[in-house]
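# Okay, here's the prediction I keep looking at, along with the sequence it came from:
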Amino acid sequence: MIELHVNGEAHRLDVAPETPLLYVLRDDLKLNGAKFGCGMGQCGACTVLVDGRPVFSCLFPVSSVGARPVRTVESLGTVERPGPLQKAFIDHQAVQCGYCIAGMIMRAQALLETVAHPSEQQIREHMSPNLCRCGTHMRILAAIREVAAQGRLPGAGPQKVSA
Amino acid sequence: MKRSDAPIDQGRRAFLAGSGLMVSFALLGSWRAFAGQENTLGATILAPDLPGDLKIEPVLDAWIKIDARGVTVCSGKVELGTGVRTALWQVAADQLAMPLERFTFVTADTALTPDEGYTAGSHTMADGGTAIYHAAAQVRQMLLDAAAAKLGVPARELALHDGVIVAADGRQLTYEQAAEGVDLHQRAKPVSPDSDPSTFRYIGHAIPRVDIPAKVTGGAAYVQDMRLEGMLHARVVRPPDASAQLESVDTRAVEAMPGVVKVVRDGNYLAVLAEREWQAVQAMRALREAARWRSTRRYPGNDTIHAALKALPQRIYVTTREGNGPVRQSQHAAPDAAPAAPSPATLSVGFGKQYVIHGSIGPSCAVAVYRDGMLTVWTHTQGVFPLRAGLAEWLGLPKDKLRCIHVEGAGCYGHNGADDAAADAALLAFRTPGRPVRVQWMRDQEAAWEPLGPAMLTELEAFADEAGQLQAWRHALWSTPHNERIVNAGRLIPARLLARPVASAPSAPIPQPEGDADRNAVPLYRIPSVRVDMHFVTEMPFRTSAMRSLGGHINVVTIESAMDELAERFGQDPVAYRLRHLDDARAREVIQRAADRFGWNGGQALPDGHGVGFAFSQYKNLMGYCAIALEVKLDKQARSVQIVRAVAAVDCGQIVNPDGLRNQIEGGIVQSSSWTLYEQVLIGEGGVRSVDWSSYPILRFPQAPVAIDVQMIDRPGHAFLGAAEIAQGPTAAALVNAIKRITGHRPLHLPLARQDSPLFA
Amino acid sequence: MNRRQKILAGIGAAGFIGIGLFLALAIKPAIAPVARPDVALSPALVAQGERIVALGDCVVCHTAPGGRAYAGGLPLKTPFGTLYTTNITPDRGTGIGEWSFEAFRRAMRQGVSRDGHLLYPAFPYIHYTKVTDEDLRAAYAFLMTRTPVHAPARRNELPLPLRFRPSLAFWNLLYLREGPEPATGDAPAERGRYLVEGLGHCSSCHTPLGVIGGEKHRESMQGGVVDDWSAPALDQLAAAPQPWTAGQIVDYLRTGLASEHGAAAGPMRPVTENLGRVPREDVQAIAAYLLTLQKPLRTVEPPAPPGDQDQRIDRGRQVFAGACAECHGEGSPMRGAMGRPALAMSSAVFGPSPRNAVMTIREGLAWPSQPGSTTYMPPFADVLNDRQIADVVAYLRSTAPHAAPWSGLDEQVAHLRENRP
């Protein structure tokens, strides 16, 4: 049994320990946010936060997570009450097909939780692990910039840190 | 306001029939002649006199159903990430005078919606939007007439409010009440009641896209997100190349792996089904290791592909335009003598382009279940009806025992792996009755097995008089097909792999004026004599099919390069030189608008390493107009090319959703700059060697343009012209033109900014 | 101590011992500024200079992350402080715009700046001194035709004793053998020697350093450690389980990848990016020379096998399946279509130290700044814990032919984590 803390909830799961976190989130916890894109850490569609850091969940063995808290895009808000980045992405229509977007939002979230007013170059460099094929880059950057202008985003509160 | 949908209807042509047959495209003429033939998107034309896709599905209740449960609008078009679901919904809402929330909108489901063929070619608003625009107006009038009869007042005294019909005396009828006894099962009329664009609440307004909130909050939005009760997870194992034969595979160890339900082996077809997804992935890996293949074919490499295209079996399609006459196309088995052109050419220029991939961020996926004799497939295909026909032929099922339902996938940008993955799911479900099967391709499978965007070669000769006025134009191009859609089962890869394979139907190009590899090869510019020779290479070293803008990408590069070179030759400003050869007022206006907004003055003073480029095209010479001016920065040491500033001016007819249109143009510019600067499939003896994002790198955030400014010219009352593919050609051409200005040399091979490109020497 | 620590420690020691004695050697005159370059900047000479500058890897150190090329500012971090590389664009105020060719030549040959102050030997003038006048002139012509960038040198953050530059004269007396050593013949290996020993300054990293930070000449090319990465021995290439061929060396140096051996990582990566820009024959010459240096395999005493080896390998195999196999597993597309070797063949896995395996897993191989077909690997520092890294390294080691298990893996992994914040 693997114990996993996702979006503030503890789960006990009967999964093979090497299973990539992505499959556990999608298939066992039925969360849609993290997407399968490449399975090789090259596109960022599967990006989630582990202990506040953006990681590729597609090659993250679930047994490596330990007590570190996992956050997915589902933790940031809902359709009725979207979080700041979610709202900015909606307002800027920073989506075409949208397949990469949950990963984009999570990577941006990690930046804006740690850096108060990132420069344009910082934002672009930080976002570079994530690919968008539709060419929505200008809008994604605009949405991130808008939230960045409002100051640092609060994190998820006290973080559980693995031994 | 009277509405003219005629201009784009010029594009609704039948496929060329028969070989060696001369087909003339008279611009005026009876549409009846085409009844019963297919349009360019794979649907059959039944009513040539009707606007948009009412030609294909002329019956009103195929589009709009009203019963006690409410109003339902149906579209056979699908959301591919371009926002058309919202835009089509907007059209229906205004024409029905109902709020979006008041009615249901259903897209592409073979059991529920009209057959509109493929969602492709920037046709969705032009064809599907136009159909809904007219169908909804006609239904609205029928409801008013019915209400008038029921309330005993003249229809003109009735008002429409939010789906309610209100009489002057305050009596009301809902649409559902008004529709009682009204038979919508009737043929649409060629002419619809007028609509006043000034009353539109949705059309022309930046209505937030209906699908985005779920997508940014983790809602189930994609076929990948489907989880059916008892669903099995499948993975396929594909051969190392298209020629490879499976020599041996020991499946016993794989079958014994945890969770594995079964291994399917049939000819060269291999797949595994497991209870859980990770089990399926691990079993796929084991199966891949166990399989022994023998390849029988050697493939050309990136250096030899263009020579190979000239040497492979091909048919020639010649398109001509003389004076103000019509565009004519004819087919030849071999090159004929071209009519005498003034000699020598004023300018010769030609380009080579490598294979490219659609490269959806999400590899293809499908879910299927075979239960009680009915096979249901959930798929992100662009065409549920052609897919159903292909699957039915392959599996030997009657069409009414097969239902294909569109569910979104990642953006596809053309014919990617969607149909093949759907065929995988259909086959595996068909052989595993009772249990839903989800097939998810891996990244390398999508990269290596999706139909590629064709490698191409162009050669252009332009002839001008001493004053620089263009007199003649000879454009030759070589390409494999751009339209290997599902016209038979053999177009589905899984059907080719089984022990009893189905052969692919013979290739046929999309005829002019829409064009295939020769899309946009006929310049819109005023030239007395134009001839385009398309060498349609029928033997494909690599399977190719439709990718946004087809040959238009490199043809516009070729044309617009020639226009810049000629302008330079005759000492003229490139923008002025284009305008000098253009009569179309809308074309002139986008060019002027882009130049003005950009501050184009021909001799811009710019920092070292910067240059400007300009380009224009009207997509297919029928659809959206797009002019683009760019400022580009070349840094040789950093080996980088970046768009510093882009200004696009577009005219897509009546704008339905301005923010959506702007998003499409911005996306087109960014996507095309990635194609043009960086992208090429690495090929070699063994076949495709680009199987991930490290071997097929694309643009990332640091390389995205610094700024894009989109100027939109709205044409209320004019036909919708589509947007998703109109910026690709002009962006690429403007990049090439800007680089010529910076370096003094015109790069003639795409991609431009390969790290070993002479550009950086 | 790492490489730079040793250099600086050496400098410090030198400072205390030698100030008085070597003051005379340490005082160098300024060379008068020039209004414009005093070499004719012909396009042919500039083009030749581009090749020389690429072979010398100048841009690697003289460019800050995200900064303009050659404008300097790259921090070279050490526990004693930080050195910043300088601006070598032809900016008059902050670069080398006022440098005559003679000033440039003196810097390259003797490690002396135009104004007479001694340069720190992190600048490899002990190798550049071997470059011919002709090549130096070409390099000068190339650099003087770059776009001038105003970029003042950042102040080095060093404690006082190390800031006293004249003490460097002592170090120079021990390690600087001034003067060019041109190739003595036309044979590729001769050209290769010139490039390896001079411009390429390969032994700066690939030779172990002595206590005061100079290269141990008796152990030349026997491998060193730089920035926590091991720079493998270059005299054991033929002794690898699959001996390197000249063609593989050329591919590796030009593309960062030898399909039979693996990918360049860490500080070697930018070197290969530079060598990808020079004529192939130069790299072929380098390979030819390197192959003349080969010595029989230096056998290392096999360490006592760690106790829980079997369980460790089993755990490592599991981690590999979840985190690594999509790219590196048998039959993976990277090994099929892309022709990459099994990791067992990688020098990071069969070499004498686990250092590079651990470093590569932790830090990965970054994307290049511009899209181009490349080797890439995501970093796993935020993914795998120390034990999992050690487990997967032990598993990989177990797949390498004739390789004894590494001992002290856990300590090595922990050490590298602590060293790399």
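All right, it came through fine. In this text, all values refer to a predicted model and were calculated from it rather than measured experimentally.

# After the helix or strand bottoming out on mean pLDDT in chain B, which helix or strand is next?
Here the helix or strand of chain B ranked lowest by mean pLDDT, DSSP states H and E is strand B:22-24, holding a mean of 36. For strand B:22-24, the succeeding helix or strand toward the C-terminus, using DSSP states H and E, is strand B:64-67.

# How about that following strand, which residues are buried there?
B:64-66 (16 or more other CB atoms under 10 Å in any protein chain shown). C-beta: built from backbone N, CA, C; applies to glycine.

# How about stretch B:253-269?
In stretch B:253-269, counting by 16+ other CB under 10 Å, buried: B:254, B:257, B:259-265, B:268-269.

# go on, stretch C:173-188?
Buried residues in stretch C:173-188, counted by 16+ other CB under 10 Å: C:175-176, C:180, C:183, C:188.

# The buried residues of stretch B:253-269: which two are farthest apart?
The distance between the two most remote of these (CB to CB) is 25.0 Å, for B:259 and B:268.

# tell me the strands in chain A, going along the chain?
Assigned strands in chain A, in chain order: A:2-6, A:9-13, A:47-50, A:53-56, A:70-71 (criterion: DSSP state E).

# What are the contacting residues of the shortest one?
So the one you mean is strand A:70-71. With CB atoms under 8 Å, 6 or more residues apart in numbering or on different chains as the test, strand A:70-71 has contacts from A:4-7, A:21, A:25, A:48-50, A:106, A:109, A:156.

# again, 6 Å this time
A:6-7, A:48-50, A:156 (CB atoms under 6 Å, 6 or more residues apart in numbering or on different chains).

# quick one: which of those residues is nearest residue B:735?
residue A:48 (36.1 Å).

# Report pLDDT for that closest one.
On pLDDT, residue A:48 comes in at 98.

# does it have beta-bridge partners, and which?
residue A:55 (DSSP bridges).

# Next up, the contacts around it.
Residues in contact with residue A:48, defined by CB under 6 Å, 6+ apart, are A:34, A:57, A:70, A:72, A:106.

# What separation is there between it and residue B:717?
Distance of residue A:48 to residue B:717, computed by CB to CB, to the nearest Å: 49 Å.

# isn't there a strand covering residue B:369?
Yes. Applying DSSP: H, G, I helix; E, B strand; the rest coil, one finds residue B:369 inside a strand.

# Residue numbers of chain A in contact with chain C?
A:18, A:20, A:39-41, A:53, A:55-56, A:59-61, A:64 (CB under 6 Å from any CB of the partner chain).

# domain assignment for chain A?
Using automatic domain parsing, the domain parsing of chain A gives A:2-76, A:84-148.

# can you tell if the shortest one touches chain B?
This points to domain A:84-148. Yes. Counting by CB under 6 Å from any CB, chain B has neighbours in domain A:84-148: A:86, A:89-90, A:93, A:95-101, A:124, A:127-128, A:133-138.

# These in helices, which ones?
Of the positions in the residues of domain A:84-148 next to chain B, A:86, A:89-90, A:101, A:124, A:127, A:137-138 sit in helices, assigned by DSSP state H.

# among the residues you listed, which two are most distant?
Farthest-apart pair in these is A:90 and A:124; separation 21.9 Å (CB to CB).

# who in chain C is up against chain B?
Near chain B, when you scan chain C using CB under 6 Å from any CB, you find C:69, C:329-331, C:333, C:337-338, C:370-374, C:376.

# Most neighbours among those residues, which one?
In terms of neighbour count, residue C:371 stands highest of the residues of chain C next to chain B at 26 neighbours, by other CB atoms under 10 Å in any protein chain shown.

# That residue reaches residue B:679, doesn't it?
No. Contact criterion CB atoms under 6 Å: residue C:371 and residue B:679 do not qualify, at 8.4 Å.

# which sections of chain B are below the confidence cut-off?
Filtered on pLDDT under 70, chain B yields the residue ranges B:1-36, B:335-342, B:602-603.

# What are the structural domain limits within it?
Split by automatic domain parsing, chain B gives B:6-205, B:225-296+B:358-449, B:543-760.

# Report whether the second one contacts chain A.
What that stands for is domain B:225-296+B:358-449. Yes. Residues of domain B:225-296+B:358-449 contacting chain A under CB under 6 Å from any CB: B:225, B:277-278, B:359, B:361-362, B:410-411, B:443.

# Let me have these in CSV, extended by distance to residue B:513.
As requested, the residues of domain B:225-296+B:358-449 next to chain A are arranged in CSV below (distance: CB to CB, whole Å):
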residue, distance to residue B:513
B:225, 40
B:277, 47
B:278, 51
B:359, 29
B:361, 33
B:362, 34
B:410, 31
B:411, 27
B:443, 38
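
# Next, format these as JSON lines and append neighbour count and secondary structure.
Shown next, in JSON lines, are the residues of domain B:225-296+B:358-449 next to chain A (neighbours: other CB atoms under 10 Å in any protein chain shown; DSSP: H, G, I helix; E, B strand; the rest coil):
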{"residue": "B:225", "neighbour count": "19", "secondary structure": "helix"}
{"residue": "B:277", "neighbour count": "25", "secondary structure": "helix"}
{"residue": "B:278", "neighbour count": "24", "secondary structure": "helix"}
{"residue": "B:359", "neighbour count": "29", "secondary structure": "coil"}
{"residue": "B:361", "neighbour count": "29", "secondary structure": "coil"}
{"residue": "B:362", "neighbour count": "28", "secondary structure": "coil"}
{"residue": "B:410", "neighbour count": "32", "secondary structure": "coil"}
{"residue": "B:411", "neighbour count": "30", "secondary structure": "coil"}
{"residue": "B:443", "neighbour count": "25", "secondary structure": "helix"}
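
# Which pair of these spans the longest distance?
B:278 and B:411, at 26.5 Å, using CB to CB across these.

# Quick check: mean pLDDT of whichever strand or helix holds residue C:326?
Assessed by DSSP H and E, residue C:326 sits inside helix C:325-328. On average, the pLDDT along helix C:325-328 is 96.

# Scan the contacts of strand A:70-71 and report the most crowded one.
In terms of neighbour count, residue A:48 stands highest of the contacts of strand A:70-71 at 31 neighbours, by other CB under 10 Å.

# any idea whether the residue of the stretch 51-200 of chain B found nearest chain A is helix, strand or coil?
The minimum distance from the stretch 51-200 of chain B to chain A, using CB to the nearest CB, falls at residue B:81 (2.6 Å). Of the three states, residue B:81 takes coil under three-state DSSP.

# Based on its surroundings, how many neighbours for the closest residue to it other than its chain neighbours?
Nearest-residue entry for residue B:81: residue A:97, 2.6 Å, with adjacent residues in sequence omitted and distances by CB to CB, 6 or more residues apart in numbering or on different chains. Residues lying near residue A:97 (other CB under 10 Å) number 30.
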